[in-house]
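# just to be clear, the model below is a prediction. Sequence and coordinates:
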Amino acid sequence: MRTTFFATLAAGIMIGGAVLAQNFPTGGTDGYQNDPVTGYLCVTPACDVVRLPETNCVCSKTNPAARELSETRLQCSIRENGQWVQCPVPPRYGG
């Protein structure tokens, strides 16, 4: 299970590019959109990586094809001391 978490996290981070916690999109006029399922701000164009509101956590969808909120699953991480660690704040949806 732990290996799956880190594999999914790594895939999400690679898809999202070199996203640093300090440089997350903030919405508005920078061209980013909200995910139609969760409402969270998209980090990637496909919205398979989203930003957890009010935090510096990035969440990778483990089932990005889900179109219903009840089916959505997220694995969230934050960068601390140069390492990606599990986000201390659970997502409202899909946690």
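Everything's here; your move. Numbering: from 1, shown residues only.
# could you use CA atoms for every contact and neighbour count after this?
Noted.
# so what pLDDT did the closest residue to C57 other than its chain neighbours get?
Leaving aside its chain neighbours, C57 sits nearest to I78 (4.6 Å; criterion: CA to CA, 6 or more residues apart in numbering). Predicted confidence (pLDDT) for I78: 94.
# OK, contacts around I78?
21, 56-58, 84-87 (CA atoms under 8 Å, 6 or more residues apart in numbering).
# which SSE is immediately downstream of the host helix or strand of it?
Assigned by DSSP states H and E, I78 belongs to strand 74-80. Sequence-wise, the next helix or strand downstream of strand 74-80 (DSSP H and E) is strand 83-86.
# buried stuff in that following strand?
Buried residues in strand 83-86, defined by neighbour count with 16 or more other CA atoms under 10 Å: 84, 86.
# which other helices and strands contact that strand?
strand 74-80 (3 or more CA pairs under 8 Å, 6 or more residues apart in numbering; DSSP states H and E).
# next, S70: secondary structure please.
Under DSSP: H, G, I helix; E, B strand; the rest coil, the three-state class of S70 is helix.
# that one: neighbour count?
Per other CA atoms under 10 Å, the neighbour tally for S70 reads 11.
# and the helices in this protein?
2-15 (DSSP state H).
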